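In: sequence first, predicted coordinates after that:
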Amino acid sequence: NCRWMETNIFPKSSVNSLMSDLVRVRLYTDRRSEADKWNKNMMMSRFNSIELPLYAIVSPDDKILNTQSFTRSETEFVDFIKQGIQHK
């Protein structure tokens with residue numbers, strides 16, 4: 001689902017233009033390394049979810065502004081980004 005989003009949703013001009021001011025970070029949680037286990041625990045405690053993929057918009061002062069799980073809807077993902085960045 002991550003790959004699908006990166007291939008089919010992220011390149012859309014409506015999404016790409018909104019994401020241009022955001023810093024993309026990928027957090028690995030589904031492998032067996034200690035770092036992945038730590039990331040998974042942090043994700044659960046911070047976002048109350050270990051759903052993959054989970055997208056989050058976090059402010060520079062570390063406030064969670066919005067989260068979104070997998071969607072095939074460009075409109076839904078655009079709304080997620082807009083709602084998150086309007087709270088910056």
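Out: Perfect, thanks for sending it.

In: from here on, just use CA atoms for contacts and neighbour counts.
Out: Will do.

In: got the CA positions of stretch 28-44 in CSV?
Out: Taking Å, rounded to 0.1, in the frame of the first residue of the first chain, the C-alpha atoms of stretch 28-44 are listed here in CSV:
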residue,chain,number,x,y,z
TYR,A,28,10.4,1.5,9.1
THR,A,29,8.4,-0.6,11.6
ASP,A,30,7.8,-4.0,9.9
ARG,A,31,11.2,-5.6,9.8
ARG,A,32,12.8,-7.5,12.7
SER,A,33,15.7,-5.2,13.6
GLU,A,34,15.8,-3.5,17.0
ALA,A,35,15.4,-0.1,15.4
ASP,A,36,12.2,-1.3,13.7
LYS,A,37,10.9,-2.6,17.0
TRP,A,38,11.7,0.7,18.6
ASN,A,39,10.0,2.6,15.8
LYS,A,40,6.9,0.4,16.1
ASN,A,41,6.6,1.0,19.8
MET,A,42,7.2,4.8,19.3
MET,A,43,4.5,4.8,16.5
MET,A,44,2.0,3.1,18.8
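
In: ok, and what's touching it?
Out: 27, 49-50 (Cα atoms under 8 Å, 6 or more residues apart in numbering).

In: could you export those residues as JSON lines, including neighbour count, secondary structure and pLDDT?
Out: Shown next, in JSON lines, are the contacts of stretch 28-44 (neighbours: other Cα atoms under 10 Å; DSSP: H, G, I helix; E, B strand; the rest coil; pLDDT from 0 to 100):
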{"residue": "Leu27", "neighbour count": "14", "secondary structure": "coil", "pLDDT": "91"}
{"residue": "Ser49", "neighbour count": "14", "secondary structure": "coil", "pLDDT": "94"}
{"residue": "Ile50", "neighbour count": "17", "secondary structure": "coil", "pLDDT": "92"}
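
In: would you list those residues in CSV and tack on distance to Met43?
Out: Below are those laid out as CSV (distance: Cα to Cα, whole Å):
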residue, distance to Met43
Leu27, 9
Ser49, 7
Ile50, 6
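
In: quick one: the helices in the protein, in order.
Out: Secondary structure of the chain, counting by DSSP state H: helices at 2-8, 13-19, 34-47, 74-85.

In: what's the most buried one of those helices?
Out: Ranked by mean neighbour count under mean count of other Cα atoms under 10 Å, the helices of the chain are led by helix 74-85, which reaches a mean of 17.
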